[in-house]
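[1] Attaching a predicted model along with its sequence, questions to come.
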Amino acid sequence: MATILAFAGSNSSTSINFKLVKYTSGLIQQNEVKVMDLSSFPVPMYSADTEKNNGYPEDVVALQKDIKNADGLIISVNEHNSGPSAYFKNLMDWLSRVDKRFLEDKKIFLMSTSPGRRGAISSLTYVKDTLPRFGGEIMTTFSLPSFNDNFDPEKGILDGELKAGHQVALADFLKTL
């Protein structure tokens with residue numbers, strides 16, 4: 001049985017990407033899944049001065065250990081102005097300072113969603129190109145467009161084609177663990 005760490009790249013208490021992460025994690029039966037809600041995960045803005053004066057934030061060090069102990073990751077990234085949120089970028093900056101290869105040998109199912117028709121695809125593309133620099137291996141991706149039209153908290157993904165695509169992407173990811 002594999003251990004999977006799942007989280008959204010958002011610190012919003014109403015994150016639709018976190019809703020997608022919870023939904024996806026709930027579909028996994030044969031593996032242990034730890035879902036982390038980063039909305040209550042404080043991370044100071046990275047600066048060399050902060051690192052020099054205060055060291056690494058304890059929460060970031062703990063997250064790095066959780067990542068290291070996981071066999072795979074499910075991450076859903078939000079999008080601000082055609083890129084990942086400043087929160088997610090800042091988190092990656094801190095994690096890479098703790099250990100440049102903090103994603104070494106990690107299999108990743110990368111997702112994104114947004115209220116818009118593009119489903120945060122620009123952010124997903126940016127993150128897909130960036131995470132391998134830290135040692136991660138993107139096994140599969142999925143983007144859910146028009147979240148408010150295509151997702152229901154009780155039923156999950158409503159559109160049949162999108163739901164099937166999500167199921168295939170998840171199954172392909174799980175096969176790699």
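    Noted; the coordinates are in hand.

[2] Is it correct that A2 is in contact with V33?
    No: contact criterion CB atoms under 8 Å: A2 and V33 do not qualify, at 9.3 Å. To be clear about C-beta, it is placed using only N, CA and C from the backbone, and glycine gets the same treatment.

[3] need the strands for the protein, in chain order.
    3-8, 32-36, 72-77, 107-113, 137-144, 151-152, 156-157 (DSSP state E).

[4] Is it possible to get TSV of those strands that adds distance to A48?
    What follows is the strands of the chain, written out as TSV (distance: least, CB to CB, whole Å):
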stretch	distance to A48
strand 3-8	26
strand 32-36	27
strand 72-77	25
strand 107-113	28
strand 137-144	29
strand 151-152	40
strand 156-157	42
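
[5] Of all the ones you listed, which one is nearest L91?
    Closest approach to L91 among these (CB to CB): strand 3-8, 9.4 Å.

[6] Distance from the chain centre to that closest one, please.
    7 Å (CA atoms, centre = their mean, to the nearest Å).

[7] Report the central residue of the chain.
    Most central in the chain under CA atoms, centre = their mean is I75, positioned 1.7 Å from the mean C-alpha point.

[8] nearest residue to that residue other than its sequence neighbours?
    L110 (5.6 Å; CB to CB, 6 or more residues apart in numbering).

[9] Tell me how many other residues crowd the one you found.
    24 (other CB atoms under 10 Å).

[10] who touches the top helix by length along the chain?
    Ranked by residue count, the top helix of the chain under DSSP state H comes out as helix 160-175. Contacts to helix 160-175, defined as CB atoms under 8 Å, 6 or more residues apart in numbering, come from residues 2, 24, 27-28, 30-31, 72, 74, 107-109, 111, 139-142, 144-145, 150, 156-157.

[11] 7 Å instead?
    Residues from elsewhere that reach helix 160-175 (CB atoms under 7 Å, 6 or more residues apart in numbering): 24, 27-28, 31, 72, 107, 109, 139-142, 144, 150, 157.

[12] do the same with stretch 133-150
    16, 20, 96, 100-121, 124, 128, 131-132, 151, 157-159, 162, 165-166, 169, 172-173, 176.
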